[in-house]
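K.L.:
got a structure for you, letters missing:
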């Protein structure tokens, strides 16, 4: 397995350095499916850190690949828009008739008021109340795992824990919680034959089922006193209670994907990283207190969302290039998190870094991830519970990755608990 992986890595590197810069399309989902994107971003950071791709399946776009340039775009919402009407937050434009607003795909002032409607759910006080629930569920999930047998970590642990947490946040019927996983996957998947969804129409049909289900929950909650779940918060907030159905669906999908994909793929990515860097696993086994610094290092090393996109509201200079009004600008967090001018030895997974929170995975500025502390809390608790039980979990084969240049994730990871 190791020799095969090394050979593929060498092939990816040769391909990345052979292609003319002007023909480079770093957002190609096939690169992410095959874990072959790394040398493309390495080359862009060195040779063309603000890069123009003139043509791709996503149209033309700028790639911003260095840490400081990404920060400059992410924190300048006056020049770079997230508005769904302009294309939103991903490299892939939705069809104009399917562009659904959500607070992450809004500019000021509407962004702030809608975000504030749901932010109490991740307040410090609420996180304290959630901690014992997360711990109880994590323990139950881990105790049900087989010892000495190969199983899929993604399905049995990563998906199950995050889906249970999502069901709690929405107060969603617990026995139907896997609907949330499905809708998250449908919302972010690239339509492709044999894929999660094969056509855009198939995706929209399932998202309409999602809207119908959540509309039923809304209608129940709006006629009851306000409670502590996300749907009730939105139904009773002045900022969100009069949303259009499209806007409601946009925010529901945002909260599902934000609560599912990021934590789910970090739970898998952390175990994968510890197996790739076994000396770090040894270090962790010797000192469980390193979980605190390991969690943000997992989130940096994994970078569960590879990019965020903006649209230029005016002509602007960046990195010696002129970005024109209306141009699509892609901030490659996955590249900025490996920028060795800002992060020492960024390719390595180091669980006791001096500044483990120096990463871009949660974004910056007004759109910084609202649930970042909840994500970290879940990872912390899961690893505390793992280390109480076992000292070795082995990866049996390379993971199967998601075909997406937005969600940087895993479809499966075969593992075995040794003991």
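P.N.:
Cool, the structure landed. Only a predicted model underlies this, so the values are computations on that prediction, with no experimental measurement involved.
K.L.:
can you map out the helices along the stretch 201-350 of the chain?
P.N.:
Taking DSSP state H, counting those that start in this stretch as the test, the helices found in the stretch 201-350 of the chain are 230-236, 245-276, 278-286, 291-302, 333-336.
K.L.:
Kindly report the same for the stretch 51-200 of the chain.
P.N.:
67-74, 110-118, 124-143, 153, 160-170, 178-188, 200-222.
K.L.:
which residues of this structure score low on pLDDT?
P.N.:
Low-confidence segments of the chain (pLDDT under 70): 1-6, 95-115, 117-118, 121.
K.L.:
Does residue 300 touch residue 355 like I think?
P.N.:
No - between residue 300 and residue 355 there is no contact under CB atoms under 8 Å: 10.1 Å. In short, each C-beta sits where N, CA and C put it, glycine included.
K.L.:
Which of the two has more residues huddled nearby?
P.N.:
residue 300 (25 against 11; other CB atoms under 10 Å).
K.L.:
For the more buried one, list the residues it contacts.
P.N.:
337, 343, 356, 358, 359, 360, 361 (CB atoms under 8 Å, 6 or more residues apart in numbering).
K.L.:
what about it, distance to residue 141?
P.N.:
Look at residue 300 and residue 141: by CB to CB, to the nearest Å, they are 25 Å apart.
K.L.:
same thing with residue 295?
P.N.:
18 Å.
K.L.:
again with residue 31
P.N.:
Distance of residue 31 to residue 141, given as CB to CB: 32 Å.
K.L.:
hmm, back to that, among the helices of the stretch 201-350 of the chain, which is nearest residue 162?
P.N.:
Closest to residue 162 of these is helix 245-276 (CB to CB; 4.4 Å).
K.L.:
the inter-axis angle of the closest one versus helix 160-170?
P.N.:
Calculated by axes from the mean of the first three to the mean of the last three CA atoms, to 10 degrees, helix 245-276 forms an angle of 150 degrees with helix 160-170.
K.L.:
buried residues in helix 245-276?
P.N.:
The neighbour-count check on helix 245-276 (16 or more other CB atoms under 10 Å) flags 247-275 as buried.
K.L.:
same check, this time on stretch 42-51
P.N.:
For stretch 42-51, a neighbour-count test (16+ other CB under 10 Å) marks 42, 43, 44, 45, 48, 49, 50, 51 as buried.
K.L.:
Can you measure across that stretch, start residue to end residue?
P.N.:
This stretch, stretch 42-51, spans 13 Å end to end (CA to CA, to the nearest Å).
K.L.:
between the helices of the stretch 201-350 of the chain, which one is nearest to residue 85?
P.N.:
Per CB to CB, nearest to residue 85 of the helices of the stretch 201-350 of the chain: helix 245-276, 11.5 Å.
K.L.:
how much does the closest one deviate in direction from helix 124-143?
P.N.:
Here helix 245-276 runs at an angle of 60 degrees relative to helix 124-143 (the same axes, to 10 degrees).
K.L.:
Please state the offset of helix 245-276 from the chain centre?
P.N.:
Mean-position distance between helix 245-276 and its chain equals 5 Å (CA atoms, centre = their mean, to the nearest Å).
K.L.:
likewise stretch 307-318?
P.N.:
21 Å.
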